[in-house]
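>>> Make a model of this:
(one chain, ligands or ions: 1)
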Amino acid sequence: MLENLKANNRNWAARKTAVDPSFFTRLAGQQAPEYLWIGCSDSRVPANEIVDLDPGELFVHRNVANLAPPQDANYLSVLQFAVDVIQVKHIMVVGHYGCGGVAAAVDGQRRGLVDHWLHPIREVHQEHICELQALPDERARWDRLVELNVARQVRNVASDVFVQDAWARGQPLHVHGWVYSLTNGLVTDLDITEGPPGTKDGQRS
Ligand code: ZN
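Sure thing, here's the model as predicted:
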């Protein structure tokens, strides 16, 4: 079973050590990534590959529709570990155009548990209903809702006590909002970065 994947794994490990014999022994000794990626579970959005980083260089949390819900213990545990222990310098919330989770949040169909998970996106949708309805077509509304969802999650991360406490300690940390395009492989920075209070990216009131 899954022999092709196991063969892939052996080939991958061999290729890595052929280029750099100490690759795995060096990585095993430490985990000190400078970035936390909060992205969608979608198989077409592979975090490390998109930003061309090796194992050990990116701390990753992924869930359906890249949410950062302030009552989700999984996300909060990752966030606290990244901020307090690893002390990452940057957190990127990365949405993607064509996100099925975002579409499912507002298409009116019932799917079960995931409808509860996606509830925050329906709130974002309601808050921005005028802006969204003014857009010319379904695709434009979908793309914009993806962006608005990222913006909301950036605010969730930036207003979290772990991040607020890090800033109060003077820890360098920025929270960024990105959107990835499935059709050309490129990331767009939404330019909504939040940083320590009193700096250029300090929280907007
Ligand atoms: Zn998605």
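>>> switch to C-alpha atoms for all contacts and neighbour counts from now on
Fine.
>>> which SS state does the residue nearest the centre of the chain fall under?
In the chain, the residue lying closest to the centroid (C-alpha atoms, centre = their mean) is Ile38, at 2.2 Å. Judged by DSSP: H, G, I helix; E, B strand; the rest coil, the three-state class of Ile38 is strand.
>>> Please apply the same query to Pro69.
coil.
>>> That one touches Val154, doesn't it?
No. The criterion here is C-alpha atoms under 8 Å, and Pro69 misses it with Val154 at 10.6 Å.
>>> Tell me the buried residues in stretch 99-115?
Judged by neighbour count (16 or more other C-alpha atoms under 10 Å), stretch 99-115 contains these buried residues: Cys99, Gly101, Val102, Ala103, Ala104, Ala105, Val106, Asp115.
>>> Against the ion, which of those make the cut? List them.
Counting by C-alpha under 5 Å from the ion, Cys99 from the buried residues of stretch 99-115 sit close to the ion.
>>> Go through the buried residues of stretch 99-115 and say which is closest to the ion.
Cys99 (3.6 Å; C-alpha to the ion).
>>> picking up where we left off before, mind checking which of Pro69 and Val154 has more residues around it?
Neighbour count, other C-alpha atoms under 10 Å: between Pro69 and Val154, Val154 has more, with 26 against 17.
>>> Work out for me the element that one sits within.
Under the criterion of DSSP states H and E, Val154 resides in helix 138-159.
>>> So what touches that helix?
With C-alpha atoms under 8 Å, 6 or more residues apart in numbering as the test, helix 138-159 has contacts from 66-70, 93-99, 102-103, 121, 124-125, 132-133, 135, 163-164, 175-179, 190, 192, 194-195.
>>> for the helix or strand of the chain with the lowest mean pLDDT, packing partners?
Using mean pLDDT, DSSP states H and E, the weakest-scoring helix or strand in the chain turns out to be helix 23-28, at a mean of 90. On a contact count with 3 or more C-alpha pairs under 8 Å, 6 or more residues apart in numbering; DSSP states H and E, helix 23-28 meets helix 3-19.
>>> In PDB, could you pull the C-alpha coordinates for the helix it packs on?
C-alpha atoms of helix 3-19 as PDB (Å, rounded to 0.1, in the frame of the first residue of the first chain):
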ATOM      1  CA  GLU A   3       4.500   2.000  -2.200                       C
ATOM      2  CA  ASN A   4       4.700   4.900  -4.700                       C
ATOM      3  CA  LEU A   5       4.700   7.500  -1.800                       C
ATOM      4  CA  LYS A   6       7.300   5.500   0.200                       C
ATOM      5  CA  ALA A   7       9.500   5.400  -2.900                       C
ATOM      6  CA  ASN A   8       9.000   9.100  -3.500                       C
ATOM      7  CA  ASN A   9      10.100   9.700   0.100                       C
ATOM      8  CA  ARG A  10      13.300   7.600  -0.300                       C
ATOM      9  CA  ASN A  11      14.100   9.500  -3.500                       C
ATOM     10  CA  TRP A  12      13.500  12.900  -1.900                       C
ATOM     11  CA  ALA A  13      15.700  12.100   1.100                       C
ATOM     12  CA  ALA A  14      18.400  10.900  -1.200                       C
ATOM     13  CA  ARG A  15      18.300  14.000  -3.400                       C
ATOM     14  CA  LYS A  16      18.400  16.200  -0.300                       C
ATOM     15  CA  THR A  17      21.500  14.500   1.100                       C
ATOM     16  CA  ALA A  18      23.200  14.300  -2.300                       C
ATOM     17  CA  VAL A  19      23.200  18.100  -2.500                       C
END
